[in-house]
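Novice: Structure of the sequence below:
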Amino acid sequence: MRTRELRNDDGRLTGFKISNLLITRRGVERVLKRIHGVVITKSPRMWRPRDDDDFVHFTLNGHTFFGIEPFGDNDCYWIVAKEAFDAPEIEVVRHQFGQHRIWELI
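Specialist: Numbers count the residues shown, from 1 in each chain. Have a look, this model is predicted:
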């Protein structure tokens with residue numbers, strides 16, 4: 001799966017984005033669960049309204065991250081750190097998404 005970096009105005013890495021054309025919110029959660037040390041603190045739910053932009057929350061090594069669908073209806077998901085700019089955990093999560101093939105996530 002391809003990923004693209006997200007950086008703030010200062011050029012610091014804040015997360016990455018992935019296309020959501022072939023992966024669901026639940027698929028994102030399944031990838032996250034495969035990462036050693038990830039603790040899911042909010043899971044995607046079928047009954048939550050689609051305007052719930054931040055659909056998954058998780059922690060890794062004490063850093064909080066969010067899975068977001070910007071504007072509630074977009075062609076991509078963002079996986080972003082709450083405050084851990086340039087944290088190595090961002091690359092750990094990004095690498096996990098980059099290693100998975102779409103057919104493994106369906």
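
Novice: where does the residue nearest to I40 when sequence neighbours are not counted fall, helix, sheet strand or coil?
Specialist: For I40, ignoring the flanking residues on the chain, the nearest one in space by C-beta to C-beta, 6 or more residues apart in numbering is F58 at 5.0 Å. For the C-beta atoms, the positions are set from N, CA and C on the backbone; glycine is no exception. Under DSSP: H, G, I helix; E, B strand; the rest coil, F58 falls in the strand class.

Novice: residues contacting F58?
Specialist: The contact partners of F58, by C-beta atoms under 8 Å, 6 or more residues apart in numbering, come to L32, V38, V39, I40, T41, K42, T64, F65, G67.

Novice: The last one falls within a strand, correct?
Specialist: Spelled out, it's G67. Yes: counting by three-state DSSP, G67 is found in a strand.

Novice: ok so, going back, among the contacts of F58, which ones are buried?
Specialist: Buried by 16 or more other C-beta atoms under 10 Å: L32, V38, F65, G67, out of the contacts of F58.

Novice: L60 versus the second one, what's the distance?
Specialist: Here V38 is placed at a distance of 5 Å from L60 (C-beta to C-beta, to the nearest Å).

Novice: which residues do the two both contact?
Specialist: Common neighbours of V38 and L60 (C-beta under 8 Å, 6+ apart) are V93.

Novice: And the residue nearest the centre of the chain, how far from F65?
Specialist: Centroid-nearest residue in the chain, with C-alpha atoms, centre = their mean: I79, separated by 3.0 Å. To F65, I79 is 6 Å away according to C-beta to C-beta.

Novice: which residues are common contacts for those two?
Specialist: With C-beta under 8 Å, 6+ apart, I79 and F65 have common neighbours G15, V93.
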